[in-house]
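*Asks:* what follows is a predicted protein model with its sequence.
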Amino acid sequence: MTDTFGTPNTRIPEPEVNTAFPRKAGATEGEDRFLLLEPGAVRPGRVPLPPAFAVKAATADTEGRLSILEVTLVKDIPRHVHHRADECVYVLEGVLAIEFDDRTHFAPQGTFALLPRGVPHALRRACDPPPRVLQISSPGGWECYVEDLVEAGPAVLTDGELDPEKVNPIAARHHIHYEERRP
């Protein structure tokens, strides 16, 4: 059985939700926002995300500055543009293919890529098992977009793949646009 994003439900263990450490009374601003997640823990969200998406720092945790997700790329992400956020990707495991500036770059474990806002790009699996990456968006909001896609369910898919035409109404609310296929 798989979820909307094609993640085999038995392949990746369900991460633990950790609401971080309780805040101390009278904590300073920095202490008030301290966050430490144990291995495998994730931040809670509006809706549960598939196991391929593990929120490490939510937009609310960083006062909107950024969001950080650990992502297993079980589905290729079609060519798209972020109009507001810069996207950073650090490859934790495997090999990620990054289509950027009409070239394909292969990013093995340990590679970092900055995908600036306004520049079309796509992310593709270049290995099996699929690559696992740390995805950072600045400003934040990426986890909110993923939550909206999860809520939409299979309505955003065609033949099991993300369909840009179906995704764009949701993506537009997050300042993202996917290139639509031409017949």
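*Replies:* Sure, I can see it. A quick note: this is a predicted structure, and the numbers were derived from the prediction, not measured.
*Asks:* which strands and helices sit next to the top helix by length along the chain?
*Replies:* Taking DSSP state H as the criterion, the chain has its longest helix at helix 142-152. Helices and strands touching helix 142-152, as assessed by 3 or more Cβ pairs under 8 Å, 6 or more residues apart in numbering; DSSP states H and E, comprise strand 53-57, strand 67-72, helix 164-172. Glycine gets a C-beta too; all of them are placed from N, C-alpha and C.
*Asks:* run the last query once more with 10 Å
*Replies:* strand 53-57, strand 67-72, strand 132-138, helix 164-172 (3 or more Cβ pairs under 10 Å, 6 or more residues apart in numbering; DSSP states H and E).
*Asks:* just for this structure, where's the confidence low?
*Replies:* Along the chain, the parts satisfying pLDDT under 70 run over 1-31, 182-183.
*Asks:* change it to 80
*Replies:* 1-32, 181-183 (pLDDT under 80).
*Asks:* make CSV out of the helices and strands packed on helix 142-152 and add mean neighbour count.
*Replies:* CSV is the format used below for those (neighbours: other Cβ atoms under 10 Å):
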stretch, mean neighbour count
strand 53-57, 23
strand 67-72, 23
strand 132-138, 20
helix 164-172, 16
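*Asks:* surely residue 91 is in contact with residue 130?
*Replies:* No - look at residue 91 against residue 130 with Cβ atoms under 10 Å: they stay out of range, at 11.4 Å.
*Asks:* now do the shared contacts for the two.
*Replies:* Counting by Cβ atoms under 10 Å, 6 or more residues apart in numbering, the common neighbours of residue 91 and residue 130 are residue 73.
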